[in-house]
Structure formats: structure tokens, C-alpha cells
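I'd like to go over a predicted model; first the sequence, then the structure.
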Amino acid sequence: MSDRYSQIVNSLPGKLVAGRVGLPQPVELDRHATGDPVVAGRVLLGAAPGGRLGQALAGVLAGIGAEASTTTEPSLREAAAAAGLDAALFDPETSGDQRFKALVFDATGIEDSTELVELQRFFHPTMRWLERSGRVVVLGTPAFGCDTARESTAQRALEGFTRSLGKEVGGGCTVQLVYVSPGAEDELDSTLRFLVSPKSAYVSGQVVWIGPGVVKTPKLDWDEPLAGKRALVTGASRGIGAAIAETLRRDGADLVLLDVPALSADLEQVAARLDADTIELDITEQGAPAAIAEKLADGVDVVVHNAGVTRDRTIAKMPEERWSGLMEINLSSEERIDDALLDAGLLRPNGRIVCVSSMSGIAGNSGQTNYATSKAGVIGMVEALAPTLAERGLTINAVAPGFIETRMTGAMPIAIREAGRRMNSMSQGGLPVDVAETIAWLASPASTGVNGNVVRVCGQSLLGA
Amino acid sequence: MNSKTRPVAVVGGNRIPFARSNSAYSKASNQAMLTAALDGLVDRCGLDGVALGEVVGGAVLKHSRDRDLTRESVLGTRLAPETPAYDVQQACGTGLEAAILVANKIALGQIDAGIACGADTTSDAPIGLNEDLREVLLEANRQKSTTGKLKQLAKVRPGHVVPSIPRNEEPRTGMSMGEHCALMATEWGIARVDQDELTVRSHDNLAAAYERGFMDDLITPYLGLERDQNLRPGSSVEKLGKLKPVFGGESGTMTAANSTPLSDGASALLLASEEWARERGLPILAHVSEGQTAAVDYVHKGEGLLMAPAYAVPRMLDRAGLALQDFDYYEIHEAFAAQVLCTLRAWEDPVFCKERLGRDEPLGSIDVDKLNVNGGSLAAGHPFAATGGRIVAGLAKALHERGSGRGLISICAAGGQGVVAILEAPGGRRK
């Protein structure tokens, strides 16, 4: 945690004062380091009676090698045994002071609003035992997978629960809702691993949809899921782009890093460190898509559209070139590059496109009509392309960062900066690596069921939904 | 090479009533109590002057001077002094392990009859010298010169007066057995009320056994006691519910009632070949048909300290070709009510049975009306090494009365160990 306020608040006198006067009290978030376990503590698995995900969830936890407990729900014990999960029993009546790093609740058994009380029954006695930087994951069924209006109503209701829980839990804990389509039970692995791990440090209050895989999920070396895969990252010379490159490299990818010639020195530095190829060009140039396609003539597995700029001005004061220049970089060039790669068939089977949208694109922001338009357009692009790409065995998703500590945010006026930092469930800004980890999850060859999602990396910011 | 085995009979049993710590038997030594239990058995089975194959026994809390406790006790009884004896020690499994040892020698034909026994006192406990003082004294003893000895002895400090008292804790974890069991109760979600219910049933069952005279030929009164001192008939879950927890912190579920108290006592069992018993006109109460021990790694692998019987029983059942439900009586030692309930829950649990026991199906539930039908350790008390003898004698008698059937014995022990066995009625395996 780098910012000064967090340092002061986490000092002893700072804690006392902040606690008394009700200032936000950010905690230092757990973050993943190479060699760390997926989840550093016990995972409690619970379920509403009749849930269909018990065995799949237990199977993922067994694969992780997680220390696990389940509730006494008999179907869950049988599911754990069938999945080979050596889980302890947890009975809230006699729980003692067991602590949990993650609470995972299969809510797919809830078929009527009267059964939503299962949420209360599971979380009421367990929330206080959730450790710092703890994880909560609730799993449900999307509306189109529900058999009745009652079931659909109850399943939609889960969203209000997880979003509120994310806001009240504190302690650097995150809360997510994952809607799993019927038939997509076996596509949970990469998503659950991400959401229970410190890799999702700054992702909270999100809803993720998992559908049937676009291809059969391959077997993976979870330490290097991108081994043998080639990834293009645009805007890779600094900030979030450099972090994305580093994280994908850690996951085993061969990198092709792209940035404008003006940032050549920075790009070369990153490329040298990560043993990467580079493309130096301006993506808005007319010949750029063809040049990129040529450079990637052997094919590419992951394309990360990260390059982006802000050109803030209220619309009344915004000249056309300020609008158009940004739109070219942030949206139009991405469309052209995708078209070029797809037309040439260069995205390999089980390929990924991951775009970087923004909280502004969801919530809007004063002075950013151009920027927010481009970033909302990115979301539109993801939603529009997802079904077509799925037919070709490819996925497209986006991340939408909130307040991330970068040079750009560091240059903001202090009042706006502090507001951005604190107005979220974590009471702090995220780090570039938080965005990068989220992209690495979406880029994973195992994320075949994750398509058309927009996942915010915003610490559950108060802005936007 | 001897490749034949023969049936082993439980012929008789005897014990002295168990007393609460620092009470009726506060000044009785292990040797005195064991001698009394053995002499009672001598009377009951007509062993006056008889030389047996061997007597095997032990105690858990033992004075260093009692290094041959069993042999010294035998010499004090009316058994022939030519009866050999040796000590064993396996924590709370001592008594049952001793019975298995004797039974095995009989089965192999190495002896015809023997006694398995055990005694323990928590009142006449072996208090040791202060460890620092002991080192000073030993060092002084090693010095050759008087000045050297005096110099060394000058190192004695007032604090050295504090003695070394045996503690009821696991050396490798520093936690008491009760604290370990509280962890298990938490892990297995064992409710307070279930523990208290088991406790009440234990007392009621033992009281009923005394009432109908079942205990008459299992007990020899000693030092004024005719019944187990801990027995509290007519208790209720409501009354026990008022007790404060003693293990597992304020939210704990284990109380002084649903945990066994520290106790004093001794027991003895006569085992023999069928021919030996018939020659002497002694009854064959039951056969010892199986025995098994197991241990768990509670230090590094997070196993419950007292969960070893949960492993030992299925191994034994597989060898015997039996299911958990194929029994008419279950004698599960009530070290703590929670231990019994954890064990039963583990056998019902698909995860434990698959992951820890490697079985496709859970062992399943037992009929709790067959559990500890004549009371258990919660009511009788638990002088560690004497418990095995109490259980075997009671079960053998119950099977003899029933005339058919089979009983399972399960005893947990410190150090993550468990000793289990099967007794069968001499009438065979009629169901």
C-alpha cells in the first residue's frame, strides 16, 4: 500500500484517531506472490439444499489443495467425498473460533424467494470468522437457466445480497456473484481459483457469468497456464500495460509488446526484462492493423487492448480533434485491429481478446464525455462480438478499472485523487497488478466459459453500478 | 512351526469400584489397588495357589519404584508366586492391549491361561524432584572431591523446592487431552446437548446395571466403596446444561460432566483356552475374536488426537468380514462424550470414509440403543489402565447373558492411538 494516508492510518496513533473520528481505514490487501498457495487459509463451502454445483466446487477446491470445510448439509458431504475433497465439517452451533479465508456458497438450490433465507443461514454465523482480505463467492443460476419465474426472481435477488455484503464486510474482503449456466458446471476452475485468491484483491461486488465453454477446457499447468501461448499487449510500455505484460509473462506467455515510437525507450526496457518482441507503431495509423497482422503472421492466442488515453474537457469546450483523436486510440483502432486479425484467421483456437474499459465508461465522469463514450463503446464491442467469437471458439471480455495508482492518477489534484481513492469498499486505490491479474484470469486457456463479461477492478467503487 | 491358533475365552473379570481422584483411594497405591483387584479375581475364579501362564498389566501414571508393578502385585496376591508377569503401557489403551497380548499367546498355544490387568491412581501420583534440582544433585554425585560436591550443592536455590508434577498434556503439543478433544468437537460439530445426553445415558445405564445386580460378580468392594463413586443416577440434560465449559474456551461444549473425571481404580481379566476353562468348571463368557491398534499423526497432519479408533475399527472389520452394523453391543470408551460422538459421526461421514479411510461408502450409523448399555467411563470413571478390563469384563458378561451375538470395543488413547477389539458370545454368530 503506497499512499501516504494509508500509511498514517495504519500506524498505531493513526489507527486510534481514524477509528475515533470515523475516517476510512484501509487495510493492506493481500496480493499474490509467485509460489504462494491459491488461497492462504481455510475455505468454507456451503450450499442451499438442492444446489447443483457442490461437486464441481469441491472438485476445484480439491485441485487447489485447499484446506477446506463444508457445512453439515448431507448432499455437500457426499459431493465433497465424490470430488475427493478431504473437507472438515463445520457446524456454526459448535464452531469454536475457526477462521476462514474464503466462504463459497452454492445458491443454485434456491428456487423461491422464501428460500433466500439460506443466505442468512449460511452467512450470519460465518461472516465474523472471515479473515482479512477474505473472499466471498456466491454462485447462482442466470435467468435464462431458471425453470420458473419464482426461481428467476430469487436468483436475480442474489445480486442485491452480494453487492451489499461487499459494502459492509470491510477488512479488505471481496464479495462476488457468479452465475453459472446449466451445463457449465465444469467451467468453474479458473474463475473460482481467481476469485478465492489474492489475485482478485481489488475486484469486489462483481457479477460474472459463466456459460458452456467455447471449446473443451484444456488441461493446464496452473503455475504457467499460458505456457506456449503468444500474447499481444498494446500500450505496454508503462503503468497498467507493463503490469499486464509482466503478469502474462509470469503465467508463461510469449509476449509481443506494442506502443507508440515516442515511448520506445520505456517499451524496450520492459521488453528486455520480459524477453518479449516489440511492435513500435501508432495504432491509429492507417496501415497499423495490417502491420500488426503481419508481425503476428504465425498466429496469436491472447490480444489485450490496453492502449488508451484521456483528453479531458467538458463537451462545451471540446474541439473535434480532441474527441476524434481519443476515439481513434481508445475504440476505433481496436475494432480495426480485431477485424484484421479475425479476417486473417490469426487468433488461434481458444483465443482471447481482452479489452480495457473503464469505470468512467460505466458510471460516466464529468469532463470525460469523449473518454467515457470510448470506454462504453468497448463494452458494446465486447457484448456485440462475444456470440460470434464463441462460434469460432474464441472469447472476448473486458476489465473496467476504477481508481488505480498510476502516474496518471498521481498527477490528479489531491481532492479528486483522495475522493477516487477512498470512495470504494477497500478505501484505497488499486494497483496496476490488480488489473493485470484480472486480465490474466480472462486470458487463461481454462476460462473457456467466460465470454462477454465486463469485470470491474474498482474495489467496488461507489460510482456506477 | 506353529501354524494353528485356538479360540480364546474370557473366563472372568473383576475390578474394584472406581473412585474419584483424591477421595476414597487417595492413599492407595497402584500396587495396592491392583493386588486387590487380582485377589478378587482369584477368589471368584478359584485361582488360589494356581500358577498361570502369565499376568500382563500396567499403569499409566507410574512411580519409578514401580518398574515391575505387575510382578510385584502378583507376588502380593494368592496366585502362585511362580506366575510370571510383565508390564505394558499404552496410555488409556493399556488394559485392552494387555488383554490382546494375553489372548494372542493363548491363541498360539504358548500359554493356557493368563490375566490381563491394569491400575491407575491420580491421587497417589508420582511427584518428581524439581528438574533443575535433579540436575544439580546428579552433577554433585559425579564430582569426586568433597569440595567439588559442596560447590555443586551450593547451586541449590529456593525455587528448586517446586516439584515436577505429572501433567495431563500431550508432550508434543502442550495441549491437554481435553483441549484436543475440544478441537475435535469443533471440527465435527458436536453439540453440547448431544454430549450431555450421552452423559446422562451413561449414568442411567450404569445405575440400572447396579440395580439389577449385573455388577455383583464384576466388582469387589474396596476401602469402603461398593459402587463407582462418580455415578450420579437421575441426572438430566437440563441439570448438566447449567455447567460451565472446562475445555474449548467460553464457547466450548465440554464440561466436567461430559468429560471423564480423574479417577483411581484397578481391574483384572482372566483369559484362557476353552479346555483350560472347562477343566476348572469355569464359564466361557465370550471369545476374543479380533484385536487391532491404530495411530494417527495429530502432530503434523491435523488429525484429531483421539480419532485413531475411527481408523482401527474399519481395518478390523475388513479383516473379520463384518460391517459396522453387525454387532449387538458397542462399547466405545467415553473418554469424553465428544470423542464418542466424533467417532460415530466420522463413520457416517462420506468425506472421512472416502478421504481418510479410502472407502467408497461410509461405514454408516449404529443403533445407539446398543451403545454402552451397562454404562461407560463417564459414569464409572476412568482410571486409565483399568478401563480396558472394565469394558471387556462387562461386555463378555453381557454377551454370555444374551447367549449369542457380538460386541465391538473401541478405546482411544493419548499419543493419537486407539485399541479396538471384537468379542463374540460362545453360542456363535446367531443374528
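Noted; the coordinates are in hand. These figures come from a predicted structure and were not determined experimentally.

around chain A, pick out the residues from the stretch 301-431 of chain B.
Counting by Cβ under 8 Å from any Cβ of the partner chain, the positions of the stretch 301-431 of chain B adjacent to chain A are B:R345, B:D349, B:P350, B:V351, B:C353, B:K354, B:E355, B:R356. Bear in mind the C-beta positions are built from the backbone N, C-alpha and C, glycine included.

for the residues you listed, which one is nearest A:A149?
B:P350 (35.2 Å; Cβ to Cβ).

just to check, the closest one is in contact with A:E78?
Yes. Contact criterion Cβ atoms under 8 Å: B:P350 and A:E78 qualify, at 4.8 Å.

quick check, pLDDT for the residue of the stretch 201-350 of chain B found nearest chain A.
Taking Cβ to the nearest Cβ as the measure, the stretch 201-350 of chain B has B:P350 as its residue closest to chain A, at 3.5 Å. The predicted structure scores B:P350 at 96 on the pLDDT scale.

against B:E274, how distant is the residue in the stretch 151-300 of chain A positioned nearest to chain B?
Closest to chain B within the stretch 151-300 of chain A is A:L192: 19.0 Å, counting by Cβ to the nearest Cβ. A:L192 is 62 Å from B:E274, where distance means Cβ to Cβ, to the nearest Å.

how about A:V178?
Separation of A:V178 from B:E274 (Cβ to Cβ): 67 Å.

and if you look at B:A191?
B:A191 sits 46 Å away from B:E274, taking Cβ to Cβ as the criterion.

within range of chain A, give me the residues from the stretch 101-250 of chain B.
Remark: the part of the stretch 101-250 of chain B in contact with chain A comprises B:A182, B:L183, B:A185, B:T186, B:E187, B:W188, B:G189, B:I190, B:A191, B:R192, B:G248, B:G249, using Cβ under 8 Å from any Cβ.

report the outermost residue of chain B with respect to its centre.
When distances are taken from the C-alpha mean of chain B, B:T147 lies farthest, 50.8 Å away, according to Cα atoms, centre = their mean.

pretty sure A:G299 sits against A:P349.
No. Using Cβ under 8 Å, A:G299 and A:P349 do not qualify as a contacting pair, with a distance of 9.4 Å.

assess the claim that B:A91 and B:V60 are in contact.
Yes. Assessed by Cβ under 8 Å, B:A91 is found in contact with B:V60 at 5.8 Å.

which neighbours do the two have in common?
By the contact definition Cβ atoms under 8 Å, 6 or more residues apart in numbering or on different chains, B:A91 and B:V60 are jointly contacted by B:F384.

the two: which is more packed in?
With neighbours defined as other Cβ atoms under 10 Å in any protein chain shown, B:A91 and B:V60 compare such that B:V60 has more, 24 against 19.

any chance of a markdown table for the residues of the stretch 101-250 of chain B next to chain A, columns pLDDT, neighbour count and secondary structure?
A markdown table is the format used below for those (pLDDT from 0 to 100; neighbours: other Cβ atoms under 10 Å in any protein chain shown; DSSP: H, G, I helix; E, B strand; the rest coil):
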| residue | pLDDT | neighbour count | secondary structure |
| --- | --- | --- | --- |
| B:A182 | 93 | 27 | helix |
| B:L183 | 92 | 22 | helix |
| B:A185 | 93 | 30 | helix |
| B:T186 | 89 | 25 | helix |
| B:E187 | 88 | 24 | helix |
| B:W188 | 91 | 25 | coil |
| B:G189 | 90 | 23 | coil |
| B:I190 | 93 | 30 | coil |
| B:A191 | 93 | 15 | coil |
| B:R192 | 94 | 23 | helix |
| B:G248 | 88 | 22 | coil |
| B:G249 | 87 | 11 | coil |
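
show me the contacts for B:V351.
Residues in contact with B:V351 (Cβ under 8 Å, 6+ apart) are A:T70, A:R77, A:A80, A:A81, A:L85, A:D86, A:A87, A:L89.

could you do B:L231 as well?
For B:L231, the set of contacting residues under the criterion of Cβ under 8 Å, 6+ apart consists of B:H203, B:L206, B:A207, B:Y210, B:G375, B:A379, B:A380.

is the fourth one in a helix, a strand, or coil?
This points to B:Y210. At B:Y210 the chain is in helix, as set by DSSP: H, G, I helix; E, B strand; the rest coil.

state the number of residues packed around the residue lying closest to B:N205 once chain neighbours are set aside.
The spatially closest residue to B:N205, leaving aside those adjacent along the chain, is B:G375, at 4.4 Å (Cβ to Cβ, 6 or more residues apart in numbering or on different chains). One way to gauge burial is a neighbour count; for B:G375, by other Cβ under 10 Å, it gives 26.

B:G375 reaches B:T199, doesn't it?
No. Taking contact to mean Cβ under 8 Å, the distance of 10.8 Å between B:G375 and B:T199 leaves them out of contact.

just how off-centre is stretch A:371-388 within its chain?
17 Å (Cα atoms, centre = their mean, to the nearest Å).

do the same with stretch B:222-233
Its chain's C-alpha centre lies 18 Å from the corresponding centre of stretch B:222-233 when counted by Cα atoms, centre = their mean.

just stretch A:154-168 next, same as before
For stretch A:154-168, the distance from its own C-alpha centre to the chain's C-alpha centre is 18 Å (Cα atoms, centre = their mean).

re the thing from before, near chain B, which of the contacts of B:V351 show up?
Among those, the ones lying close to chain B by the criterion of Cβ under 8 Å from any Cβ are A:T70, A:R77, A:A80, A:A81, A:L85, A:D86, A:A87, A:L89.
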